[in-house]
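Colleague: quick one, what's the 3D model for this:
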Amino acid sequence: MKHIFKIIYSTVIVALVLSSCASDVDNSKFQSNPETGWIEFRSAATTTGQVSPSHQIPVSIEVPVYPEGFNISYSFEAVEGDFTQFVADTTPAPLFVDPQEETRSPNINIPLVNMEIARDFVTSFDVIITAVDKNGITLGDNAESILRHTVTIPCSNPDVLPGDYYVGDYTIADVEATIGPGNGTENFAGGTVTLSVDPFNPNRRIFTVGALPAFNGQLEQVTLDFTDSDVVVIAEVNPGLSCDGGVTAYIFEGASIADSTPWDICNDESITILYTEDPLGSCGGPYPSSFSLTKN
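Modeller: Residues are numbered from 1 along each chain as shown. A predicted model of the protein is given here:
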């Protein structure tokens, strides 16, 4: 019986030791040396602002302690277009990770140039982490680590629209509407409309369309203003209707700048225009509404 107890006791001890070892491994990758670890990007891609003077890319520092700090080297590689016309320094100095950095997410800062120039094209490039100058700190921890980050420089809207931008035949359709569909019709008559440049303003497009066609026999002119705030705003449309005996006009009014749809010089295939239906309350409004234009 004593031998049985000894065997059981020995088995328990071995199990506890093995469990303790496994626990030590799982608890922390840095237990043997807290100055070791790895670095990687926090995300795989970002997009600059249209006219941003610089762009920052966060780096993740997975190292518990780095009392002297260390340097991260990185390089650039073209993906689409010639990024060198926009990046001020294509052979950047290493990023120094200061030991006082508390966020553990310092930024690679990329100064940009020529961003104020209008662009009807997209440019992109990769930022690649290439080296770190401290032993024990590796580039990434596994195959899933992010060591390549794609930066996209978007199109930049010009001060004056090109004469062929949002011009020609488009299909118009209600996206969100209240009074028209509520009465078995539409706010804007679906079908094809022809957009043209406003002869008095090159940043406006005009077209004619039926507004509440079941109740209004004439076509109304619609004006779209492509503003320097980079959004599209519709001018007031007045179909000459009312729900309260003519006391209050039923109209369509453009949404605020903050609530309007952005426009992009690289795209004139489709857009959704936001507006307010019946803002004066003639027919129970106001109602948030919208219609779409899709190039034929």
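Colleague: where does the stretch 151-296 of the chain dip in pLDDT?
Modeller: Judged by pLDDT under 70, the stretch 151-296 of the chain has no weakly predicted residues.
Colleague: what are the boundaries of the strands in it?
Modeller: Listed in chain order, the strands found in the stretch 151-296 of the chain under DSSP state E, counting those that start in this stretch are 168-176, 191-198, 201-210, 219-226, 231-234, 237-241, 250-254, 261-262, 270-277, 287-295.
Colleague: what packs against the fourth one?
Modeller: The criterion is 3 or more Cβ pairs under 8 Å, 6 or more residues apart in numbering; DSSP states H and E, and the helices and strands that strand 219-226 contacts are strand 191-198, strand 201-210, strand 231-234, strand 237-241. C-betas here are computed from N, CA, C, even on glycine.
Colleague: one more: the third one?
Modeller: The elements that strand 201-210 packs onto, with contact taken as 3+ Cβ pairs under 8 Å, 6+ apart, are strand 191-198, strand 219-226.
Colleague: looking at these, which is buried most?
Modeller: strand 219-226 (a mean of 19; mean count of other Cβ atoms under 10 Å).
Colleague: okay, now the spatially closest residue to residue 259 that is not a sequence neighbour: neighbour count?
Modeller: Residue nearest to residue 259 in three dimensions, not counting chain neighbours: residue 274, with 6.0 Å by Cβ to Cβ, 6 or more residues apart in numbering. Here the count is done by other Cβ atoms under 10 Å, and residue 274 has 20 residues near it.
Colleague: cool, and residue 265?
Modeller: Residues near residue 265, counting by other Cβ under 10 Å, number 20.
Colleague: ok, it touching residue 158?
Modeller: Yes - distance between residue 265 and residue 158: 6.3 Å, which falls inside the contact criterion (Cβ atoms under 8 Å).
Colleague: mind listing the shared neighbours of the two?
Modeller: Common contacts of residue 265 and residue 158 (Cβ atoms under 8 Å, 6 or more residues apart in numbering): 118, 120.
Colleague: what residues are up against the residue most central in space within the chain?
Modeller: When the chain is reduced to its mean C-alpha position, the closest residue under Cα atoms, centre = their mean turns out to be residue 47, at 7.2 Å. Residues counted as contacts of residue 47 (Cβ under 8 Å, 6+ apart) are 151-154.
Colleague: which of those residues lies closest to residue 239?
Modeller: residue 154 (37.6 Å; Cβ to Cβ).
Colleague: state the distance from that closest one to residue 232.
Modeller: 17 Å (Cβ to Cβ, to the nearest Å).
Colleague: between the two, which one's more packed in?
Modeller: Just comparing residue 154 and residue 232: by other Cβ under 10 Å the higher neighbour count belongs to residue 232, 23 against 18.
Colleague: surely that one and residue 270 touch.
Modeller: No - with contacts defined as Cβ under 8 Å, residue 232 does not count as touching residue 270, sitting 12.0 Å away.
Colleague: re the thing from before, quick one: which of the contacts of residue 47 is most hemmed in?
Modeller: For the contacts of residue 47, neighbours were counted using other Cβ under 10 Å, and residue 153 has the most, 26 neighbours in all.
Colleague: can you give me the end-to-end distance of stretch 202-220?
Modeller: The first and final residues of stretch 202-220 sit 20 Å from each other (Cα to Cα, to the nearest Å).
Colleague: mind listing what's buried in that stretch?
Modeller: 203-207, 209-213, 216, 220 (16 or more other Cβ atoms under 10 Å).
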